[in-house]
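1. the following block contains a protein sequence and its predicted model.
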Amino acid sequence: MTYDDVEGAAQRAAASGDRVIVRRITAHDEDEFLELARASTGLHHPWMSLPVTSEEFRAYLARFDDPRSAEGLLVCVRETGAIAGNININSIIRGRFQCGSLGYAAFAPTAGQGYLSDGLRLVLRHAFEELRLHRLEANIQPGNHASRRLVERHGFRYEGCSPEMLFIDGAWRDHERWAMTATMMGIVQASPHPTLPLR
């Protein structure tokens, strides 16, 4: 990727920081995404699985066809444009809830370098300022210490444990519930989302 490509990606980004760009995933990302997902299966198992075939990638991408219900975002290294991880805002519910559920993963070649953490910081601002959500939830399996450390670093609040919450790796898995609100981040939205009732 050339310097101009990287700068162009920054201009199209959902959010941009000193080290990373957060942008929406597209069909053009298929080859790089699949290569990284395959190289990262050991890192992700047993906590999650990402698409590793073209068919799975197309189905994954289709989840984000309606940005009102979900956003698929990539965390890219600003200097090179390389994909370092993904962060999804899933299950967006408006009305009185104004909430989304986070899913995220680092990719093995750049894991442990802080790119996903940098990306999450930008995604939180994007969710609360641009999307005007009030709340984001992260559901984490109790043994996934790296995921727990990530949300703790960003100030998420532990809210309890839900037994057999999500079907992962062939079984219903318990998950800890962690959450962040715009209020907790000190974000005052200029105006609420139009679906928020007046009272």
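-> Great, that's in hand. Residues are numbered from 1 along each chain as shown.
2. run through the strands of this structure in chain order.
-> Under the criterion DSSP state E, strands of the chain are mapped to 15-16, 20-24, 71-77, 83-93, 99-106, 135-140, 157-168, 171-181.
3. and those strands: which comes nearest Ala62?
-> strand 71-77 (9.9 Å; CB to CB). All C-beta spots, glycine's among them, are computed from the backbone N, C-alpha and C.
4. so for His28, what's the pLDDT?
-> Note on His28: pLDDT of 97.
5. same question but for Tyr3, I mixed them up
-> At Tyr3, pLDDT is 36.
6. over to the one 5 residues further on?
-> At Gly8, the predicted lDDT confidence score is 48.
7. swap in Arg19?
-> What the model reports as pLDDT for Arg19 is 95.
8. then Ala15?
-> At Ala15, pLDDT is 85.
9. tell me who's in contact with it.
-> Going by CB atoms under 8 Å, 6 or more residues apart in numbering, Ala15 touches 21-22, 122-123, 125-126.
10. what's the closest non-adjacent residue to it?
-> Of all residues not flanking Ala15 in the chain, Leu122 sits nearest, at 3.7 Å (CB to CB, 6 or more residues apart in numbering).
11. the one you found is in contact with Asp18, isn't it?
-> No: under the criterion of CB atoms under 8 Å, Leu122 makes no contact with Asp18, lying 10.3 Å away.
12. okay, those two: which has more neighbours?
-> Leu122 (20 against 6; other CB atoms under 10 Å).
13. could you check how far the more buried one is from Phe167?
-> 30 Å (CB to CB, to the nearest Å).
14. swap in Leu102?
-> For Leu102 relative to Phe167 (CB to CB), the value is 18 Å.
15. so between those two, which is more surrounded?
-> When neighbours are counted by other CB under 10 Å, Leu102 comes out ahead of the other of Leu102 and Phe167, with 23 against 9.
16. now for that one: which residues touch it?
-> 87-90, 123, 136-138.
17. repeat for Ala39
-> Applying CB under 8 Å, 6+ apart, the residues near Ala39 are 107-109.
18. now do Ala105
-> 40, 43-44, 48, 50, 85-86, 116.
19. what of Tyr158?
-> 176-178.
20. confidence-wise, which helix or strand of this structure is lowest on average?
-> Using mean pLDDT, DSSP states H and E, helix 3-11 stands out as the lowest-scoring helix or strand of the chain, at a mean of 45.
21. re the thing from before, got the contacts of Ala39 as a markdown table, with distance to Leu34 and pLDDT columns?
-> A markdown table is the format used below for the contacts of Ala39 (distance: CB to CB, whole Å; pLDDT from 0 to 100):
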| residue | distance to Leu34 | pLDDT |
| --- | --- | --- |
| Phe107 | 11 | 97 |
| Ala108 | 13 | 96 |
| Pro109 | 14 | 95 |
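22. what is the burial count for Leu34?
-> Neighbour number of Leu34 under other CB under 10 Å is 17.
23. correction: Pro142
-> With other CB under 10 Å as criterion, Pro142 counts 11.
24. now it: phi and psi?
-> phi -50, psi -30 (degrees, to the nearest 10).
25. now do it against Ala111, distance only.
-> Applying CB to CB to Pro142 and Ala111 gives a distance of 21 Å.
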